[in-house]
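Trainee: For reference, the sequence and a predicted model appear below.
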Amino acid sequence: MKIRKFLPSALLLGLFLLSAMHGFGQEDAAAAGGEEHGPQTIIQTIMHGGPLIIMIWLAILGTSVTMVTFVIQGILTLRPEKLAPTALVGALRETISAGNYQEAWEICNANKNYLANVLKAALSRLGRGKEAVEDAIAEHGLREATVLRTRNSYLSVIGVISPMIGLLGTVIGMMGAFAVLGQKGIADPRALATSIGEVLLATASGLFIAIPAFVSYYIFRNRAQMVIVHGDDVVNELVRDIPFDELHGVQIGDAFSAGAGGSVPAARQSRKVSVSLTTNCPVCNGAVSPGQNPCPHCGATLQWAQ
């Protein structure tokens, strides 16, 4: 799923997270300005810090938007229904039960999700035997799981770097505070309080982003493991009853063939055909009309399933 789809909503939520710090900025600035100057907004406090503080706050805004983006993506994608849709599972189960393995491969090829990608690789090795199919499931299952976990790991990265960005703002703010203190001593406590307010605001904002990022990371890590296990169970269930010995030499996929050195005897091929899912003869792969019997190409008697 494309991350850019979530950017508008993530930007709004990221701005909301930062605006939640507005009250803290007003209180800190009010302590510096007193009744004479009135309370400052968070924007005024940031602008008062200079170019470096502005750059740090832009980085904090960027991490907040990125965090919200990955949280929304995790909520929408890490679901059993997303990795193995019920309708797709039903269609594949019916097709595989009817012995239409090439059609099952085509269904998987037309869908882009965990179940379709793993089962497609397994069906491509169908003619090599059960062990080759199991290896394909393990190999491509690990690959798809790695993609899911990699997306989630960015939340951990955000949880690490956002406090460091806030800490950088703290250091710069403290440098300004000590500079004011060195020039004017304690004669101007308002200017000193303003610099300290900038320090506290940057630190709090970094933590404000890091805490939900880490919490979301561990929640999505556990959820990812659960949905991956569910997807693997569905794949193994679909290939469990396939007669691997009878399909030796069959090539499934782009280079579809009934056998490596010739056609598989018709008696050993399934002649069950689904009315709703196929228009090809499972014996010769010739085009047939739903309900037509026998096959006009090879003469095989077809068993049409409703």
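Mentor: Great, that's in hand.

Trainee: Please make it C-alpha for all contacts and neighbour counts, starting now.
Mentor: OK.

Trainee: Confidence-wise, which helix or strand of this protein is lowest on average?
Mentor: helix 22-37 (a mean of 44; mean pLDDT, DSSP states H and E).

Trainee: Correct me if wrong: residue 247 contacts residue 127.
Mentor: Yes. Look at residue 247 against residue 127 with C-alpha atoms under 8 Å: they come within range, at 5.5 Å.

Trainee: Tell me which of these two has more neighbours.
Mentor: residue 127 (22 against 18; other C-alpha atoms under 10 Å).

Trainee: now residue 158: how far from residue 244?
Mentor: 47 Å (C-alpha to C-alpha, to the nearest Å).

Trainee: now the strands: where do they sit in the stretch 151-300 of the chain?
Mentor: 272-274 (DSSP state E, counting those that start in this stretch).

Trainee: mind listing the helices for it?
Mentor: Along the stretch 151-300 of the chain, counting by DSSP state H, counting those that start in this stretch, helices occupy 189-239.

Trainee: how about residue 280, what does it touch?
Mentor: Neighbour list for residue 280: 286-288 [criterion: C-alpha atoms under 8 Å, 6 or more residues apart in numbering].

Trainee: Would you mind listing which of those residues are buried?
Mentor: The neighbour-count test (16 or more other C-alpha atoms under 10 Å) marks residue 288 as buried among the contacts of residue 280.

Trainee: how about the contacts of residue 280 in CSV, adding pLDDT and distance to residue 114?
Mentor: Below are the contacts of residue 280 laid out as CSV (pLDDT from 0 to 100; distance: C-alpha to C-alpha, whole Å):
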residue, pLDDT, distance to residue 114
286, 70, 30
287, 73, 30
288, 73, 31
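
Trainee: Residue 165 reaches residue 58, doesn't it?
Mentor: No. Using C-alpha under 8 Å, residue 165 is not in contact with residue 58, being 10.2 Å away.

Trainee: pLDDT below threshold where in this protein?
Mentor: Applying pLDDT under 70 to the chain flags residues 1-50, 176-177, 180, 184-189, 191-195, 197-198, 256-279, 282-285, 297-306.

Trainee: can you list the domains in the chain?
Mentor: 1-263, 265-306 (automatic domain parsing).

Trainee: Tell me how many other residues crowd residue 156.
Mentor: Number of residues near residue 156 (other C-alpha under 10 Å) recorded here: 17.

Trainee: who touches it in this structure?
Mentor: Going by C-alpha under 8 Å, 6+ apart, residue 156 touches 213-214, 217.

Trainee: Neighbours of residue 100, how many?
Mentor: Counted by other C-alpha under 10 Å, the residues lying close to residue 100 total 25.

Trainee: ok, so what distance separates it from residue 56?
Mentor: Shown here: residue 100 relative to residue 56, a distance of 59 Å by C-alpha to C-alpha.

Trainee: Same question for residue 148.
Mentor: 30 Å.

Trainee: neighbour-wise, which of residue 165 and residue 58 wins?
Mentor: residue 165 (21 against 12).

Trainee: any idea how far the more buried one is from residue 129?
Mentor: 55 Å.

Trainee: same question, residue 203
Mentor: 59 Å.

Trainee: swap in residue 104?
Mentor: Using C-alpha to C-alpha, residue 104 is found at 17 Å from residue 129.

Trainee: In stretch 130-138, which residues are buried?
Mentor: Buried residues in stretch 130-138, counted by 16+ other C-alpha under 10 Å: 130, 132-133, 136-137.

Trainee: Residues touching that stretch, excluding its own?
Mentor: Stretch 130-138 has contacts (C-alpha under 8 Å, 6+ apart) with 118-119, 121-123, 125-126, 235, 244.

Trainee: Could you rerun that using 6 Å?
Mentor: For stretch 130-138, contacts defined as C-alpha atoms under 6 Å, 6 or more residues apart in numbering pick out 118, 121-122, 125, 244.
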